[in-house]
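return a 3D structure for these sequence lines:
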Amino acid sequence: MTFLLRFTRQWASAIVGQDKPGKHFAYSNIGYQIMGYLLEEITGKSSAENVRERILQPLGMTHSEPLFTHDTYTRLATGYAPLYDDRPNHSSSPLIEATWLEYAAGDGAIVSTPSDMAAYLRMLLNRGSTPTGRIISEDSFRLLTQHASQESEGMWYGYGMSSWTVDSHNYIGHAGGMVGYSSQLRGDMDDGLGVIALVNFPGGPGDIPDYALKLLRAVYEGRNLPSPPDQQPSERVANAADYAGTYTAADGKKLILVAENDQLLLLRDGQKTALEPYGKELFLLPFPEFALFPLRFHRENGAVTELFYGGDWYAGEKYSGPRKFEIPAEWASYSGHYRANHAWFNNFRIVIRKDKLVLISPEGSEWLLTPDGQGGFWAGEEGEPPREQINFDTPVHGKTLRCILSGLSYYRTFTP
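Numbers count the residues shown, from 1 in each chain. A predicted model of the protein is given here:
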């Protein structure tokens, strides 16, 4: 099987503001595109030609391509995507064949196979060296895997590769995603072991790569094989009691949550329904009225005090803050659902929550919109530097019909 690989994240971002370089980390697809164009200017060859001549051919990756066109399609495993592209992907959601597209930019356009990717990973495990010579120098490899920016707790990012430590072993890796496909690369630099996982679904291979690498290490080191990942029910919530309680909306609507047997349950009409963990402080509910957004909990001083569903706000029993808020009158015209012809980020919703204007992506991530003083907004995660700029225009009957997110026009759609 041949798969698409794109070792980048879906949303291009650019840090703005006055902070010194190195203070914040933000992955940038646009940055990698610019690097590809710069290399084209230096070499006089396309980004694809450079990748082919400098990486694929020296490594003998004869079944890989540095770009994909319509002619590539017949060689590929069929890619799949969730039917519902405008909401979190619930485990029971149906799949459809993913949209096909052509691509050749420097931020990721690799078509490859597991055996070819194994050759690439083998080169990394040898710090850029191959039996026929080096692909990159030792100095370049150190830059590739340096601890330049902290992605998350214990994980660092260098010039294109993540690095972290597992049981005193130095690991490197990267995830990738293309429409209908996703991938994971993992390498143990100390034992010289690695794993490539390619799946024809954008959700990712989950824990499979990490478990496979544990198996390889156990065999290599002569230890007993580790147990498979815990197949615990998806509804298990170790700290369910943190979220239990009654949450009340401004209109008096209540959500009653109870904790039982490591589960968080919604009590409604005498029936109990388990919430499905979706991420940090995020949960899904299997009801149509809760299909568009995850339930998002907020803490104050360690205690859960609020619950959000999109723009809906529910105050918990421990909430002691204000309950009435003032917002600019024009914000009401901005809220709604917007779409664009974009392969990776084709829609989002704008909601008003308390006294804030928030952009919510289909999978549930959120960006706070902060007025830029010129009629538009900066957008970014709350507490982090803004990443993008957004403007609204073309009001009709009290609703703006278009918003421009970092230069791309999105238009109001009829769905909520």
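
sketch out the low-pLDDT regions of the stretch 1-150 of the chain for me.
Applying pLDDT under 70 to the stretch 1-150 of the chain picks out residues 1-19, 21-22.

where exactly do the helices run in it?
Counting by DSSP state H, counting those that start in this stretch, the stretch 1-150 of the chain has helices at residues 29-43, 47-51, 114-125, 138-144.

who does the second one touch, helix- and strand-wise?
Taking 3 or more CB pairs under 8 Å, 6 or more residues apart in numbering; DSSP states H and E as the contact definition, the neighbouring helices and strands of helix 47-51 are helix 29-43. Quick note: C-beta positions are derived from backbone N, CA and C, even for glycine.

packing partners of the helix it packs on?
Counting contacts by 3+ CB pairs under 8 Å, 6+ apart, helix 29-43 packs against helix 47-51.

contacts for the helix it packs on next, please.
For helix 47-51, contacts defined as CB atoms under 8 Å, 6 or more residues apart in numbering pick out 36-37, 39-40, 43, 65-67, 104-106, 109-110.

got the buried residues for stretch 128-142?
Neighbour counts using 16 or more other CB atoms under 10 Å place 128-129, 135-136, 141 of stretch 128-142 among the buried residues.

need the residues you listed in JSON lines with distance to residue 88, can you?
Listed next are those as JSON lines, based on distance: CB to CB, whole Å:
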{"residue": "128", "distance to residue 88": "40"}
{"residue": "129", "distance to residue 88": "43"}
{"residue": "135", "distance to residue 88": "40"}
{"residue": "136", "distance to residue 88": "39"}
{"residue": "141", "distance to residue 88": "38"}
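
contacting residues around the closest residue to residue 138 other than its chain neighbours?
Nearest-residue entry for residue 138: residue 127, 6.3 Å, with adjacent residues in sequence omitted and distances by CB to CB, 6 or more residues apart in numbering. Residues in contact with residue 127 (CB under 8 Å, 6+ apart) are 138, 141, 189.

for residue 189, see how far away residue 127 is.
Noted for residue 127: a distance of 8 Å to residue 189, by CB to CB, to the nearest Å.

now residue 112
Using CB to CB, residue 112 is found at 22 Å from residue 189.

pretty sure residue 266 sits against residue 275.
Yes: using CB atoms under 8 Å, residue 266 makes contact with residue 275 at a distance of 6.4 Å.

what is in contact with those two at once?
257, 285.

which of those two has more neighbours?
Each of residue 266 and residue 275 has its neighbours counted (other CB atoms under 10 Å); residue 275 has more, 23 against 19.

about what we covered before: which one of the contacts of residue 127 is nearest residue 405?
Checking the contacts of residue 127 against residue 405 by CB to CB gives residue 141 as the nearest, at 36.6 Å.

can you tell me the closest non-neighbouring residue to residue 60?
Counting by CB to CB, 6+ apart, the residue nearest residue 60 is residue 119, at 6.0 Å.

nope, residue 340 is what I meant
Per CB to CB, 6+ apart, closest to residue 340 is residue 410, 4.3 Å.

hang on, the earlier thing: name the nearest of the contacts of residue 127 relative to residue 304.
Distances from residue 304 to these, taken by CB to CB, are shortest for residue 189, at 40.2 Å.

number of residues surrounding residue 117?
Neighbour tally, residue 117, other CB under 10 Å: 23.

surely it touches residue 197?
No: contact criterion CB under 8 Å: residue 117 and residue 197 do not qualify, at 9.6 Å.

who touches both of those two?
Common contacts of residue 117 and residue 197 (CB under 8 Å, 6+ apart): residue 183.

mind giving me the domain ranges of the protein?
With domains defined by automatic domain parsing, the chain comprises 3-220, 240-315, 329-412.

of residue 112 and residue 189, who's got more company?
residue 112 (23 against 17).

you'd agree the more buried one is up against residue 62?
No: if you go by CB under 8 Å, residue 112 and residue 62 don't touch, sitting 10.6 Å apart.

can you count the residues close to residue 77?
15.

might one say that it is in contact with residue 199?
No: counting by CB under 8 Å, residue 77 stays clear of residue 199, with 9.1 Å between them.

if we can go back for a sec, nearest to residue 227, out of the domains of the chain?
Ranking the domains of the chain by proximity to residue 227 (CB to CB) places domain 3-220 first, at 9.5 Å.

can you pull out the helices in the stretch 201-350 of the chain?
Ranges of helices in the stretch 201-350 of the chain, per DSSP H, counting those that start in this stretch, are 208-220.

below-threshold pLDDT in it: ranges please.
The stretch 201-350 of the chain contains residues with pLDDT under 70 at 231-233.

correct me, but residue 314 touches residue 245?
No: under the criterion of CB under 8 Å, residue 314 makes no contact with residue 245, lying 10.1 Å away.

hang on, the earlier thing: distance of the residue nearest to residue 138 from residue 161?
12 Å.
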